[in-house]
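Colleague: For reference, the sequence and a predicted model appear below.
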Amino acid sequence: MSGETIEVREAHRFDAGRLEAFLQGRLAGFRGAVRVRQFSGGQSNPTYLIETRAKSYVLRRQPPGVILASAHAVDREFRVITALSKAGFSVPHALLYCEDTDVIGTPFYVMDRVDGRVLWDPVLPELPPAQRRRHHEAMIATLAQLHALDPAALGLSDFGRPGNSFTRQIARWSKQYQADPEAGLSADMDALVKWLPQNVPPGDKTAIVHGDYRLDNLIFAPDMPHVAAVIDWELSTLGHPLADLTYLLLMYKFPQTLMKSLVGLDPAALGIPTEAEAVAHYCHLAGRLPLTDLNFYHAYNLFRFAAICHGIRGRMQRGNASSAQAERYSLHVEPLAALAIAHARAAGM
């Protein structure tokens, strides 16, 4: 697994010797001593590079401190990537799950490190224009492949509750937002909490959804437009595939002050699919009819991301946010909610 590493943050340190003693004899071929570094990205579950004399591993853990109910479920991550790996889908190979909090303080799991490239900017400035479209198309193709998998065949038929997934997810994120009033409430968020569940489009389709499918949660092969692994499965569940697709499309909508995006740029001039081309490519691969009005889905995903930023703001205030970029995310609750309201109005709010 690639990506920048840093010294372990003070709030996320643990006893490396205790971890080494636990892994000894539990991981085939494991040989300490271990050296621990922390990946700089990630807003939720702290992620570490574990280096030994023989090989390197990646460890993801539940963050220390007070957390909201149902959040940071590393056991679910371990379960889904284990199932997907057996099905041949591009994920890191999961090795071990530990719920014993005496080892490093919180539950965690260990997986193989995947070598490759983590790309952060959808413009893909490090690539020649001729290669950019192929990388974007590989990202879309991998998402369509995920949605084509049969949850029951993978033993994941109970990985999400039955019924309309948008209704469930809106309820979940509304509850998460409302459960953390210390992070501040927003009139736009309050309006979306009321409007979204009353305007869910009819019809439902169930697939395994990643929940945070975006460019920087993919590891590309070192020298080709191929997705070597999809990472960060904390928000995965059974849900509607359009939730994942339109979340990916936020790269056409996110403010540049939040993260690298395509807002204000000309994708075609950069060798990148336009939003309409990205949707058409997904529909072709997924065997779906062409999609036209996606405003509800955009409002939903912007609301959901605003709720995630709201949670980051709360964790930052409590001192257990897992990334140095937490403050930047925390400042975007209101702008994202306002953008969600604009799409809700376009959908008839």
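Modeller: Alright, I've got the coordinates.

Colleague: C-alpha from now on. contacts and neighbour counts both.
Modeller: Noted.

Colleague: Check whether residue 307 really touches residue 176, as I assumed.
Modeller: Yes - between residue 307 and residue 176 there is a contact at 7.3 Å, judged by CA atoms under 8 Å.

Colleague: Among these two, which residue is more densely surrounded?
Modeller: Taking neighbours as other CA atoms under 10 Å, residue 307 and residue 176 compare with residue 307 leading, 26 against 20.

Colleague: tell me which element that one is part of?
Modeller: helix 295-318 (DSSP states H and E).

Colleague: Go through that helix and flag the buried ones.
Modeller: In terms of neighbour count (16 or more other CA atoms under 10 Å), helix 295-318 has its buried residues at 295-316.

Colleague: Kindly report the same for stretch 332-347.
Modeller: Buried residues in stretch 332-347, counted by 16+ other CA under 10 Å: 332-341, 343-344, 347.

Colleague: Just give me the closest of the residues you listed to residue 65.
Modeller: residue 333 (22.7 Å; CA to CA).

Colleague: Tell me if I'm right that the closest one and residue 304 touch.
Modeller: No - with contacts counted by CA under 8 Å, residue 333 stays clear of residue 304, the gap being 10.0 Å.

Colleague: how about residue 274, phi and psi?
Modeller: Main-chain dihedrals, residue 274, degrees, to the nearest 10: phi -70, psi 170.

Colleague: Can you get me a residue count around it?
Modeller: Residue 274 has 18 neighbours, counted by other CA under 10 Å.

Colleague: Quick check: the gap between it and residue 79.
Modeller: 35 Å (CA to CA, to the nearest Å).

Colleague: Tell me the secondary structure at residue 97.
Modeller: Residue 97 falls in the strand class when you classify it by DSSP: H, G, I helix; E, B strand; the rest coil.

Colleague: Contact partners for it?
Modeller: Residue 97 makes contact with 75, 78, 107, 108, 109, 110, according to CA atoms under 8 Å, 6 or more residues apart in numbering.

Colleague: try 10 Å this time
Modeller: Neighbouring residues of residue 97 by CA atoms under 10 Å, 6 or more residues apart in numbering: 59-61, 74-75, 77-79, 107-111.

Colleague: try residue 256
Modeller: When the contact criterion is CA under 10 Å, 6+ apart, the partners of residue 256 are 262, 263, 264.

Colleague: again, only this time at 6 Å
Modeller: Applying CA atoms under 6 Å, 6 or more residues apart in numbering to residue 256 gives no contacts.

Colleague: try the one 5 residues further on
Modeller: Taking CA under 6 Å, 6+ apart as the contact definition, residue 261 lies against 251, 254.

Colleague: what's the pLDDT at it?
Modeller: Residue 261 carries a pLDDT value of 95.

Colleague: Report the secondary structure state of it.
Modeller: Residue 261 ends up coil, using three-state DSSP.

Colleague: Phi, psi for it please.
Modeller: The phi/psi pair for residue 261 (degrees, to the nearest 10) reads phi -150, psi -180.

Colleague: With residue 39 instead?
Modeller: phi -70, psi 140.

Colleague: ok, it touching residue 8?
Modeller: No - checked against CA atoms under 6 Å, the pair residue 39 and residue 8 is beyond contact range at 8.3 Å.

Colleague: Comparing these two, which residue is more hemmed in?
Modeller: Comparing residue 39 with residue 8 by other CA under 10 Å, the one with more neighbours is residue 39, at 23 against 18.

Colleague: where's the more buried one relative to residue 3, distance?
Modeller: 7 Å.

Colleague: And residue 228, by the same measure?
Modeller: From residue 228 across to residue 3, the span is 14 Å (CA to CA).

Colleague: Those two: which has the busier surroundings?
Modeller: residue 228 (22 against 17).

Colleague: contact partners of the helix or strand harbouring the more buried one?
Modeller: Assigned by DSSP H and E, residue 228 belongs to strand 227-230. Residues from elsewhere that reach strand 227-230, judged by CA under 6 Å, 6+ apart: 90, 91, 218, 219, 220, 221.
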